[in-house]
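K.L.:
I need the structure of the sequence given here:
(one chain, ligands or ions: 3)
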Amino acid sequence: MENQANTLFTSFDADEVTFFADLILPIPVPKLFTYRIPRGMADLVKIGARVIVPFGKKNSRVLTAIVARLHNSPPANYQARYVTELLDEYPLVNSYQLELFRWMAEYYMCCVGEVMNVALPSGLKISSQSKVQFNPDFDYPELLTEHEEILLTELKKQPALTYDELSRLAGEGVNIAALIKSLVGKKAVIVFEEIREKYVPKMIRKIRLHPNYEEREQLLVLLQRLEKLPKQQEVVMRYLRHVPVQHNPALNQKGLDKTILNQDDELSQSSLQTLVKNAVFETFEVIQPRFADTSAPQGEIRLTEHQQRAAEQIMTRFDQQNIVLFHGITGSGKTEVYIHLIQQALAGGSQVLYLLPEIALTTQIVVRLQRVFGDKMGIYHSKFSDNERVEVWKGVVSGQYQFVVGVRSAVFLPFDNLGLVIVDEEHETSYKQHDPAPRYHARDVALMMAHWQQAKVLLGSATPSLETYYQAKQGRYGLVELHHRFGDATLPTILLIDTKQEKRQKTMKNEFSSALLDALEMNLERKEQSILFQNRRGYSPYMQCEDCDWTAECPNCAVSLTYHQRDAELRCHYCGHKEAVPRLCPTCGSTKVKTIGFGTEKLEDQLQVYFPSSRVLRMDLDTTRAKDAYGQIIREFESGSVDMLVGTQMITKGLDFDNVSLVGIFDADRLIHFPDFRATERSFQMLTQVSGRAGRRAGRQGTVLIQTANPHQSILQKIIQNDYKGLYEEEIQERQDFNYPPFSRLIKLTVRHPDKAISQQAAERLCAELTDALGSTRVLGPEQPLVERIRNQFLFDILIKIEREKVNIKAVKAYIQDRINDILTDKGLRQVSIVIDVDCL
Ligand code: ADP
Ligand code: ZN
Ligand code: ZN
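P.N.:
Residues are numbered from 1 along each chain as shown. Ligands and ions are numbered 1, 2, ... in the order given. The predicted model follows:
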């Protein structure tokens, strides 16, 4: 890799040459932009530093750009504008990252500006949306120019204004960035990005019963008194369901997060207010820890014999190979092995990146890592505030963080001395970004980055992706296996429940087989916890009229609306459209409007009916929107006060609970029969992972019940026997027969347009042109996807399969891009948009 040409300028006479910089601008235009560097700045600008530049007609926009190249040749066909301001003394983006940006733009067929946009936390990108505020310490008004005074007068009136707003106030022809820069120089205003907020602890408001009512007698009196006030009574009952004070008065002390009680309906909010006013409840505040209890520091971790051997094997493989797959069953203690390897890498003086899927990162693992690495470890997470992310970024540059644990986007952090990269749960599809571009796979990007920095990569999983396992089988990656659970715990026993048979015998109760109900009952008696998995949120996915077959559909998308009982509304899971639930059929007026099918919300409801005295929690997208909601649910479940946890695939990922001995799985058939060539692999992964939540402690044999209409399916047999290799052999053969990955690379093109005919016409033309050049075995489609219309856009997919060997993939991509550009510039097909997804999943 070429080193930064930081010293370029010393070889010129600064008085005679005009300097130019090629900049990456965070916009979707496939080129660099050349700007002029003011004299005074010339010595200071370095490649990889950020600058602020005017952009757009009349310089009306302000953008943060990255210096990619310095030179002294003016652009041929336009007049270069001046850089307004230099933001960094030292490069914020290093040469590896610049190389990465370029590589990603080419590989994922997008613009380098789009990569930059996703790579940098927004706190590092001053933009037209950035805010400017009056500096209260300013008191030298005589220094201001007329223009500045006008802006400052406005700024004094308001808490803050954006660059855009200020630009409008300043009027046409004013270089707003220059103006603000001058104001900043005079210390008259502050740009938000420059405010260094300290870490402010977050407070949560909680409520608890007034101590008077902790006593059972008094509580009963209270409930009686509230008989006449059903809404208030309901609020108290809700509280007691979460905090059973009637059974254990001591629980009241800790109280309950206020938002849990409110459940965002106004009625309960006002009832709660009244109850607080009448001193039935009291409110109080506590500091919310960023992560749960980090107090207990952990001493040296002692690897078990099996783990020790695995760690040694990994080290040995690393002597010969740069990439190793660590295939360890669920609960084998992969994390402990990682910790050991991380410590070694850090001791050797190199940087370490530990990637985790989004959802797994929020709690348990981070707590464990923090006990070992304390605040030497940076955490990079999308639910963190932007300030916190900027802190981590700068901490990597300054050397404060040698080790970062993070999600997908952590691959963009400015490492320059990586020694080890760990990709945990490497099979996880959430490593792939779907929207916006770059549609990158963090595992693959990490492999590239590690390759450049000569770092080792450890890919870990209990259910590796076929792609990765194939590479290991071919000898291109090392392979280390760990087949023992920690502490002699055993894998759970998996039983298949034949729902067809139970239906025949009429032993099903709604969605529950009698086998599952019995097992849940027994688990309750033993005071052990259960996890129930249904990969569908909401109450039920369809609402239909029995008389005329009308179904509730989204006006914008070609899907049915999902019924959400708690909020009493119908929702589209694709575009977010919401509407009230009709009481009568909108077409025929019938009252027989029924829900069909079931999601997590309905299961939660039914569990309360079958086990009225048990405590049930639900974990899905709907219950985890708030920043720490996910962590809260996990902590509550961990504390043991909850008996059952119902959830979508969120509950399958990396969770580690001591007391879970039963896992129930609904609707396995729907996963298995999903129309996608990866459905078998996915079902195996998902069902094995969720099963792996059971029986993670020695002496507590776990049981998994899978409800299915067809217990004889071969995939289910493989899951029961934990036969990953069998699954691999079968699947890989099929992939080879049909030339799917890992034998080929896939590129998916999705054509979109509000007019179906236009969308189809563009897709057909594109497909024909591609087929002409690449051959019909390589090009499939155009085909309407399962949901053929989303947000009023009609979709057509074209799938391109390119062999991994003997094809010049760069040339193929360039050809595809050319054909797409032809279409996008064709007058008749204007406004067609085409999404390119390289290595689509
Ligand atoms: P995996 O990621 O392989 O499913 P984990 O790393 O979550 O497994 O480990 C499972 C459980 O066993 C965790 O609670 C972990 O703390 C515990 N554990 C694993 N190895 C050890 C060890 N060597 N010492 C103490 N506890 C361990
Ligand atoms: Zn009807
Ligand atoms: Zn919709």
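
K.L.:
can we go C-alpha only for contacts and neighbour counts from here?
P.N.:
OK.

K.L.:
keeping just the C-alphas, turn stretch 554-573 into CSV.
P.N.:
Extracted in CSV, the C-alpha atoms of stretch 554-573 (Å, rounded to 0.1, in the frame of the first residue of the first chain):
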residue,chain,number,x,y,z
CYS,A,554,-51.8,-2.7,2.3
PRO,A,555,-52.7,0.1,-0.1
ASN,A,556,-49.1,0.6,-1.0
CYS,A,557,-47.7,-2.9,-1.0
ALA,A,558,-48.9,-6.3,-2.3
VAL,A,559,-49.1,-7.9,1.1
SER,A,560,-51.8,-8.5,3.7
LEU,A,561,-51.8,-6.3,6.8
THR,A,562,-50.9,-7.8,10.1
TYR,A,563,-53.2,-7.4,13.0
HIS,A,564,-51.6,-5.9,16.2
GLN,A,565,-53.9,-6.4,19.1
ARG,A,566,-52.2,-4.3,21.7
ASP,A,567,-52.5,-1.2,19.6
ALA,A,568,-55.7,-2.3,18.0
GLU,A,569,-54.5,-1.6,14.5
LEU,A,570,-53.5,-3.2,11.2
ARG,A,571,-50.0,-2.7,10.1
CYS,A,572,-47.9,-3.3,7.0
HIS,A,573,-44.5,-4.7,7.8
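
K.L.:
begin at 22 from here
P.N.:
All set: I'll call the first residue 22, so the last point we hit is now stretch 575-594.

K.L.:
poorly predicted segments of the protein, please.
P.N.:
By pLDDT under 70, the weakly predicted segments of the chain are 22-39, 148-150, 194, 213-224, 284-286, 288, 308-321, 380-383.

K.L.:
what residues does it put near ligand 1?
P.N.:
Proximity of the chain to ligand 1 (Cα under 6 Å from any ligand atom) is limited to residues 323-325, 350-357, 507, 677.

K.L.:
buried among the residues you listed? Make that a PyMOL selection.
P.N.:
A single PyMOL command selects the buried members of the residues of the chain next to ligand 1 (16 or more other Cα atoms under 10 Å):
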select buried, resi 324+350+351+352+353+354+355+357+507+677
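
K.L.:
tell me who's in contact with whatever residue of the stretch 72-221 of the chain ends up closest to ligand 2.
P.N.:
Closest residue of the stretch 72-221 of the chain to ligand 2, Cα to the ion: Val139 (47.3 Å). Contacts for Val139 (Cα atoms under 8 Å, 6 or more residues apart in numbering) come out as Ser430, Pro459.

K.L.:
for the one 3 residues further on, same thing?
P.N.:
With contact taken as Cα under 8 Å, 6+ apart, Pro142 is in contact with Asp407, Arg410, Val411.

K.L.:
distance of the residue of the stretch 72-221 of the chain closest to ligand 2 relative to Arg429?
P.N.:
Distance from Val139 to Arg429, counting by Cα to Cα, to the nearest Å: 11 Å.

K.L.:
repeat that for Thr669.
P.N.:
Distance from Thr669 to Arg429, counting by Cα to Cα: 21 Å.

K.L.:
run through who's touching stretch 784-797.
P.N.:
Taking Cα under 8 Å, 6+ apart as the rule, stretch 784-797 contacts 772, 799-803, 817-819, 837, 840-841, 844.

K.L.:
spatially nearest residue to the residue in the stretch 622-771 of the chain that ligand 1 sits nearest to, not counting backbone neighbours?
P.N.:
Taking Cα to the nearest ligand atom as the measure, the stretch 622-771 of the chain has Asp677 as its residue closest to ligand 1, at 5.7 Å. Nearest residue to Asp677, sequence neighbours excluded (Cα to Cα, 6 or more residues apart in numbering): Arg714, at 6.5 Å.

K.L.:
what's the closest of the residues of the chain next to ligand 1 to ligand 3?
P.N.:
Nearest member of the residues of the chain next to ligand 1 to ligand 3, counting by Cα to the ion, is Asp677, at 35.6 Å.

K.L.:
touching, that closest one and Arg717? I think so.
P.N.:
Yes - Asp677 is within contact range of Arg717, at 7.4 Å (criterion: Cα atoms under 8 Å).

K.L.:
any residues in contact with both of the two?
P.N.:
Gly352.

K.L.:
ok so, going back, of Thr669 and Arg429, who's got more company?
P.N.:
Arg429 (24 against 18; other Cα atoms under 10 Å).

K.L.:
which secondary structure element is home to the residue of the stretch 72-221 of the chain closest to ligand 2?
P.N.:
Using DSSP states H and E, Val139 sits within helix 133-140.

K.L.:
I'd assumed the residue nearest to Asp677 was in a strand, is it?
P.N.:
No - counting by DSSP: H, G, I helix; E, B strand; the rest coil, Arg714 falls outside a strand, being coil.

K.L.:
that older thread, show me what the helix or strand that the helix holding Val139 is followed by is packed up against.
P.N.:
The element immediately downstream of helix 133-140 (helix or strand, assigned by DSSP H and E) is strand 152-155. Secondary-structure packing of strand 152-155 (3 or more Cα pairs under 8 Å, 6 or more residues apart in numbering; DSSP states H and E): helix 167-178, strand 182-183, strand 210-212.

K.L.:
let me see the contact set for the most centrally placed residue in the chain.
P.N.:
In the chain, the residue lying closest to the centroid (Cα atoms, centre = their mean) is Glu379, at 4.4 Å. Contacts here follow Cα under 8 Å, 6+ apart; on that basis Glu379 touches His402, Ser403, Val428, Arg429, Ser451.
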